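Participant: Take this sequence and fold it.
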Amino acid sequence: MLCHIERYVFLVLKIWTLAQKYYGLDSYSIYDDYDYSIPPPHLVPLYKNIYFENKNYKLRISIQSTDKKILFILFTGKNQNTEGNKSLLLGSNDGGNHFQTLNLSLNGESVSINEMVPVKGYLFCYSTLKSTLAYFDKELNGFHIHKYHNDGTLTPHRFYPQYIFQLVPESSRSFVRSLYFSKLYEVFVNY
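Facilitator: Predicted structure coming up:
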């Protein structure tokens, strides 16, 4: 399956570089004639997402708004619950000129990422199949790779990446048993 994934990814990368070459990252807008001023920094989105989907695969491209040279691509199958389903996570810190395959392993076991959330200066990734979470920095280094309890939904704080929110269902009748908003890491490097 990884061979098929690589073919699709490189096709999308070719389309991406052509679009970037001819249109640029910031030159598209449906509000080109709209008069606006520069918004305050707390209202600027932290990332841009681009999605591509077909019947078997999903492709997601995330661009950090704070540093447009940082680009992440996640290519996964649509069925996330099978052990053989592999994903491919690519990262670039030079604006998409060179991509690096980002691999995670915990205790010598490979972890297949199926979700990514860009946060301030980092990429938060997790695998629901292996119940593992991790962060990538702007040098594309993986760190803080940990197991978590897979009985809820994880969401990192957008501005303070060391905080993670977990929504945990109690049963089908009551939606929330408890809300966890915990600071996982005391020492965190901010960019």
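Participant: switch to C-alpha atoms for all contacts and neighbour counts from now on
Facilitator: OK.
Participant: Quick check: residue 9 is in a strand.
Facilitator: No: with DSSP: H, G, I helix; E, B strand; the rest coil as the criterion, residue 9 is assigned helix and is not in a strand.
Participant: For it, list the residues it contacts.
Facilitator: Taking CA atoms under 8 Å, 6 or more residues apart in numbering, we find residue 9 in contact with 59, 75.
Participant: measure it to residue 101 for me?
Facilitator: 11 Å (CA to CA, to the nearest Å).
Participant: Next up, the contacts around residue 54.
Facilitator: With CA under 8 Å, 6+ apart, residue 54 has no contacts at all.
Participant: try residue 110
Facilitator: 103, 104.
Participant: what helix or strand does it sit in?
Facilitator: Under the criterion of DSSP states H and E, residue 110 resides in strand 109-111.
Participant: Tell me the strands beside the helix or strand that comes right after that strand, with direction?
Facilitator: The element immediately downstream of strand 109-111 (helix or strand, assigned by DSSP H and E) is strand 115-119. Each strand paired with strand 115-119, and its direction, by DSSP bridges: strand 122-127 (antiparallel).
Participant: Can you name the next helix or strand after the strand it pairs with?
Facilitator: Taking DSSP H and E, what comes next after strand 122-127 is strand 132-136.
Participant: So which bits of that next one are buried?
Facilitator: Going by neighbour count (16 or more other CA atoms under 10 Å), the buried part of strand 132-136 is 132, 133, 134, 135, 136.
Participant: what ranges do the helices span in the protein?
Facilitator: 2-23 (DSSP state H).
Participant: now it, which segments are flagged as low pLDDT?
Facilitator: Applying pLDDT under 70 to the chain picks out residues 1-8, 16-46, 65, 80-85, 150-151, 169-191.
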